[in-house]
Each structure stands twice: as C-alpha cells, then as structure tokens.
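Student: Model the following, please.
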Amino acid sequence: MGTVELDEALRDAGMTVLLGRPGKSRDEAFLRMLGSTLSDEQSLVLHSKPFVRAERLLQLLSNREEFLSRVVFHHVSTFESQEDALRRLDIDLTKIGSKSVFFDCPTDNYLVSLALAVNSAQGLKDANTSLIRQFAYLKEVSAKSARVFVTMGDLSGINTVEEYLLRHWPDLIIKLKTGGEKTVETDPYEPASLSQSNAKMITLVEPNADDRRVS
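Tutor: Just a heads-up that it's a prediction; the model follows:
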C-alpha cells in the first residue's frame, strides 16, 4: 500500500489510533498527520505533556507560519481534566470550527491515575471505567462530527483494558515501525488484541524522519 492509499484510509476513518514505540518516530508521524490537515481546516490538539515540536511542525508546513494559527492546543494535565475535556469535546470543536481532533497519549494520564490508586480496588476500577468512557466520547465525536487521531502509549501488563479499547473503538489502526527494526512473529509492542479488532490495519514504516513507506 502506498501513500495515496494511506491518505484515503485516513480520510475514510472516523477514529484512527497510531500504535508504536514512544519516541521520535511516533511523534514525527503524529506531527505529519496533524500538518496534513492544516492546509484545509482548523485542528484541535489535546495533549497530556508538552510534546509538540513547533519548529518541526513548521518545517512540515513548508515554513508557512499562518498554518500554525489553525491549531488550537489544549493541555490536559490530569486524568480528571482529561475526561472533562472529552465530555465537552463536540461543543469545543463546534466553537472553533474544527473537524479534526488529535490526542497525544491519553493513556499517560491514565497510567498516573492507576499509580495513585494502586492500593485501592475501587480506585483502580474507577480509572479503568473512566478510560473506557473517554474513548467512548472520542468514538461518538468521530461518528458524528470529526475525525479523531489518537496515539497510545505502552499498556503492557494492563491487557484487559488495552484489548477492550483496541477491539471496540478504532476504525483504523496504524502500526508504526522503525526502518531496520527486525520483523518478528510476536512483537512485544503489539497487543495480542490486535488480531481480534475489527479495525482496518496498516503498517507504516519510517526509515528516517523525511521518508516513509507503507506495507
């Protein structure tokens, strides 16, 4: 599959999950997808940590600074504020006139919440329930008003929640690989639940920061 087919898959998908090892390659792919929307429309970006490399995003936009004004950034610093933001997501998208929302690692705040609730069975249950509810908000928005792009962090050891999220919510899952990475039958960074998901799946191979191919 080539770039054209990837772009078509992204346009057709309501909710896309970018799955891969954290680091430069995943951030680069995320920024590229964000940049590709800005020539046509405004985009809302939710993030749990400072991640946006404005200089690199500007390069991807061919140094057209006016495109940066089409990005609305919203920092969600806690798991609770994250749920609040997603609960009113459709309202905020309407206010800014955006048809795309990008969320970098909503699972980061979830993992912090889990750590804080480690000695409380009810707290762990509440965190899991909240994360599932948050993905339901994202899915609802993607079904009626906007495209949703999400990156997911490593949820190894929390397989039940990860499998549930990947099995039920995404329309498209992009599995990000780094060029030169060995191909193995069992990839520890790929949840076993991928084989049970109804989502369309694409493997995006990034040999370096400026080149890509899709298989």
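Student: In the chain, what residue spans correspond to strands?
Tutor: 15-19, 42-47, 71-75, 98-104, 147-152, 172-178, 200-208, 211-214 (DSSP state E).
Student: The nearest residue to Leu57 once chain neighbours are set aside: neighbour count?
Tutor: Residue nearest to Leu57 in three dimensions, not counting chain neighbours: Leu31, with 5.2 Å by CB to CB, 6 or more residues apart in numbering. In short, each C-beta sits where N, CA and C put it, glycine included. Neighbour count of Leu31, defined by other CB atoms under 10 Å: 21.
Student: again with His47
Tutor: So His47, with other CB under 10 Å, has 20 neighbours.
Student: so the closest residue to it other than its chain neighbours bridges to which residues?
Tutor: Distances taken as CB to CB, 6+ apart put Asp104 closest to His47, at 4.5 Å, once the chain neighbours are dropped. Listed by DSSP bridges, the beta-bridge partners for Asp104 are His47, Thr151.
Student: Touching, Ser142 and Val148? I think so.
Tutor: Yes: between Ser142 and Val148 there is a contact at 4.2 Å, judged by CB atoms under 8 Å.
Student: Quick check: neighbours shared by those two?
Tutor: Between them, Ser142 and Val148 have Gly14, Met15 as joint contacts when contacts are counted by CB atoms under 8 Å, 6 or more residues apart in numbering.
Student: ok, the two, which is more surrounded?
Tutor: Val148 (26 against 21).
Student: could you measure that one against Asn119, distance?
Tutor: 34 Å (CB to CB, to the nearest Å).
Student: just Asp108 next, same as before
Tutor: 21 Å.
Student: repeat for Leu58
Tutor: 45 Å.
Student: ok, now Glu163?
Tutor: Counting by CB to CB, the gap from Glu163 to Asn119 is 25 Å.
Student: more crowded one of those two?
Tutor: More crowded of Glu163 and Asn119, by other CB under 10 Å: Glu163, with 17 against 7.
Student: That one reaches Trp169, doesn't it?
Tutor: No: the criterion here is CB under 8 Å, and Glu163 misses it with Trp169 at 11.4 Å.
Student: who touches Leu124 in this structure?
Tutor: Leu124 sits next to Leu114, Ala117, Val118 when contact means CB under 8 Å, 6+ apart.
Student: and if you look at Asn198?
Tutor: Contact analysis of Asn198 by CB under 8 Å, 6+ apart lists Arg167.
Student: Got phi/psi on it?
Tutor: Backbone torsions of Asn198, given as degrees, to the nearest 10, read phi -90, psi 0.
Student: circling back: let me know the pLDDT of the residue nearest to His47.
Tutor: Confidence at Asp104, expressed as pLDDT, is 86.
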